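> Requesting a structural model of the entry that follows:
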Amino acid sequence: MYAEKGKYELAADAYFKSAYEYPAHHYSREAAYAAVDTNNRRLKRSKNSNKSRIREDLILSSAKFVTKFPKDKQTPQVRVRIVEELFRLKQYDNSLIHANLILGDAKLENGSRNQKITDKQKMAVNVVVGHIAFDREDYLKAQASYQQALNIGIRKKKLRTLVSKRLAASTYKYAEKLNESGNLLAAAEGFMAVRNVSPTSKISAQAQYDAAVAYINLNEWKRAIEVLERFRRDYPGHKLQSGATDKLAMAYEKTGQYSKAATEILRIGERSGKDNVFRDATLQAALLYEKDNSRKNAISTYKAYVRNFRLPLEESLETKQKLTDLYLQSGQIQKRHYWIKNIAATKTKNKKLSDRSRYIVASASNILAEQKLRAYEKASLKLPFERSLKRKRKLMKSALLAFEKVAKLRVEEFTTASTHNIASIYQQLGVAIMNSQRPNGLSPEEREEYDLLLEEQAYPFEEKAISVYELNANRITQGIYDEWIQKSMAKLAVIQPARYAKQEVTHEMYTALD
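Numbers count the residues shown, from 1 in each chain. Have a look, this model is predicted:
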């Protein structure tokens, strides 16, 4: 009667008293279940303000029912509801007692076994057990319960999605605990398991990243690379991609994959948006490409480094020298020559250069000077004599200026070489004049006169050669003696044997004794 009039609280109370406060009668079971059912209706129609009290009434009537009628076909479902409502009231211990009874982990209060439990009921209880374990940070238990619920099957999409996310979260949280405790290998495997249980969840991306970090901390570089490369493919727009790049760069370098490391480092530099970071990344990448014998990439990166950034002069010279070396190794002589000319064109006046930088400029300048020397040496004196002499003297002047520039850089190794080559240039012209082609049809007297004229032209150059060779010879008294001084002494011994042949032999004797 109360129920028909919508007075469910009075109806539930009347049913409860009929079932439990009066002597047992034919309708006791119906009254007991009606009390449960009516409290269910009350809860559905209630407002938030009094839900807790009604929920307690529902739990009381339900608990009475399952105790009084343990073998009733409705008992399992009523007990499931008890589990759910106790969970909502955060009475976790009591909720778990009933949950264990449903799942067959314990006997009923009267010692008998529970009624047959449906898969749907087991699923519902496992979800609750998972929630309780998750709230209590028992993530291993939560994993097991959520997985069991999913294995049984959850029809409602919203609940299935929630449980899947909770399973991923509990798997991740457990791996986090392992990581914090120092069990890095188990933690890494736990993080990787997140992807298996929920590959599309947001936490899966974080888990893969954390797995890679754990493998890195274990020095498991190859495994870390596998995870990071998959992370890059699976989550291209993720906020952790920059961190993945940083870690891939380190992992590639640790495993000797220097070119790959260089590529990642360039990405880091580009991403930074800061010139100094990009500059340093470019240099580091170039060094790694070079280390990996990837000359093409090393060359392009060094070129970008020297062209795109304002470098200190000495650093710029060092990089250009790298380029000349790499082009030489790869057989690209013309491109090498471009950078040699670039280095040699460096303005050194009024600039304080380190010994290393001065050496680089001197070396490049010397290479260019030697090229001019070879061009000069190839030019022969032939008829018409004046025309060929004019051309050779022009080449001589060019070579002399080039070697004088080298000498002014005051790098000992190239100073003595330049001095010797300057002397040799003068000496060669004198010899070339004397060996030049004679006009045809000269009489003996004319030939003699012509030779005397040539000798007069050649003599000043020989004298000039002697004086320059002597500059090198005089350096011996300064404690300097290298192959170019030795060559200069040998030339003097030939030109003026009476004066220098004996000195050369004596010096070589002392050198040998030392």
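> Pretty sure E137 sits against K173.
Yes: taking CB atoms under 8 Å as the definition, E137 is a contact partner of K173 at 7.2 Å. (Each C-beta comes from the backbone N, C-alpha and C, glycine too.)
> quick one, which of these two is more surrounded?
Just comparing E137 and K173: by other CB atoms under 10 Å the higher neighbour count belongs to K173, 20 against 12.
> Could you find the closest non-adjacent residue to the more buried one?
Among residues not flanking K173 along the chain, Y139 sits closest, at 4.5 Å (CB to CB, 6 or more residues apart in numbering).
> got a list of what the residue located most distally from the centre of the chain touches?
Within the chain, E445 marks the point farthest from the mean C-alpha position, 83.9 Å out by CA atoms, centre = their mean. Counting by CB atoms under 8 Å, 6 or more residues apart in numbering, E445 makes contact with nothing.
> One more: D246?
By CB under 8 Å, 6+ apart, D246 lies in contact with 264, 268.
> same thing but 7 Å
I268 (CB atoms under 7 Å, 6 or more residues apart in numbering).
> Quickly note the distance from T255 to K291.
13 Å (CB to CB, to the nearest Å).
> and whatever helix or strand T161 lives in, what does it pack onto?
Using DSSP states H and E, T161 sits within helix 157-180. In terms of contacts (3 or more CB pairs under 7 Å, 6 or more residues apart in numbering; DSSP states H and E), helix 157-180 is packed against helix 119-135, helix 139-152, helix 184-197, helix 202-217.
> all strands of the stretch 251-400 of the chain, in order?
Under the criterion DSSP state E, counting those that start in this stretch, the stretch 251-400 of the chain contains no strands.
> is it true that the residue nearest to K173 touches S170?
Yes: counting by CB atoms under 7 Å, Y139 touches S170, with 4.4 Å between them.
> neighbour count winner among those two?
Between Y139 and S170, counted using other CB under 10 Å, S170 has the larger neighbour count: 26 against 21.
> so what's the more buried one up against?
Contact analysis of S170 by CB under 7 Å, 6+ apart lists 134, 139, 142-143, 146.
> same thing with A187?
Counted by CB under 7 Å, 6+ apart, A187 has contacts 175, 178-179, 214.
> do E318 as well
Contacts of E318 by CB under 7 Å, 6+ apart are I360.
> at 8 Å what do you get?
356-357, 360.
> Among these, which lie within helices?
356-357, 360 (DSSP state H).
> So what does K239 look like in phi/psi?
phi -60, psi -20 (degrees, to the nearest 10).
> go on, L409?
phi -70, psi -10.
> Confirm for me that the residue nearest to K173 is in contact with T171.
Yes: using CB under 8 Å, Y139 is in contact with T171, at 7.4 Å.
> buried stuff in whichever helix in the chain runs longest?
Longest helix of the chain, by residue count under DSSP H: helix 444-474. For helix 444-474, a neighbour-count test (16 or more other CB atoms under 10 Å) marks 454, 458, 461-462, 464-466, 468-473 as buried.
> Now do that helix: distance to the chain's middle.
In terms of CA atoms, centre = their mean, to the nearest Å, the centre of helix 444-474 is set 67 Å apart from its chain centre.
> Please apply the same query to stretch 484-497.
Worked out by CA atoms, centre = their mean, stretch 484-497 lies 58 Å from the chain centre.
> got the CA positions of that stretch in CSV?
In CSV, the C-alpha atoms belonging to stretch 484-497 read as follows (Å, rounded to 0.1, in the frame of the first residue of the first chain):
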residue,chain,number,x,y,z
TRP,A,484,115.3,23.3,-46.0
ILE,A,485,118.5,24.7,-44.4
GLN,A,486,120.2,21.4,-45.3
LYS,A,487,119.0,21.8,-48.9
SER,A,488,120.2,25.4,-49.0
MET,A,489,123.6,24.4,-47.7
ALA,A,490,123.8,21.7,-50.4
LYS,A,491,123.0,24.2,-53.1
LEU,A,492,125.6,26.6,-51.8
ALA,A,493,128.1,23.8,-51.8
VAL,A,494,127.5,23.3,-55.5
ILE,A,495,127.5,27.0,-56.4
GLN,A,496,130.5,27.9,-54.2
PRO,A,497,132.2,24.7,-53.3
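> if we can go back for a sec, quick one: which of the ones in helices among the contacts of E318 is nearest E30?
For those, the closest approach to E30 (CB to CB) belongs to R356, at 102.8 Å.
> Does the closest one touch E314 like I think?
Yes: the pair R356 / E314 is scored as a contact, 7.2 Å apart, by CB under 8 Å.
> Looking at these two, which is more packed in?
Using other CB under 10 Å, the more surrounded residue of R356 and E314 is E314, with 16 against 11.
> I figured the more buried one hits S357, correct?
Yes: using CB under 8 Å, E314 is in contact with S357, at 4.5 Å.
> ok, and the closest non-adjacent residue to Y20?
Counting by CB to CB, 6+ apart, the residue nearest Y20 is K64, at 6.0 Å.
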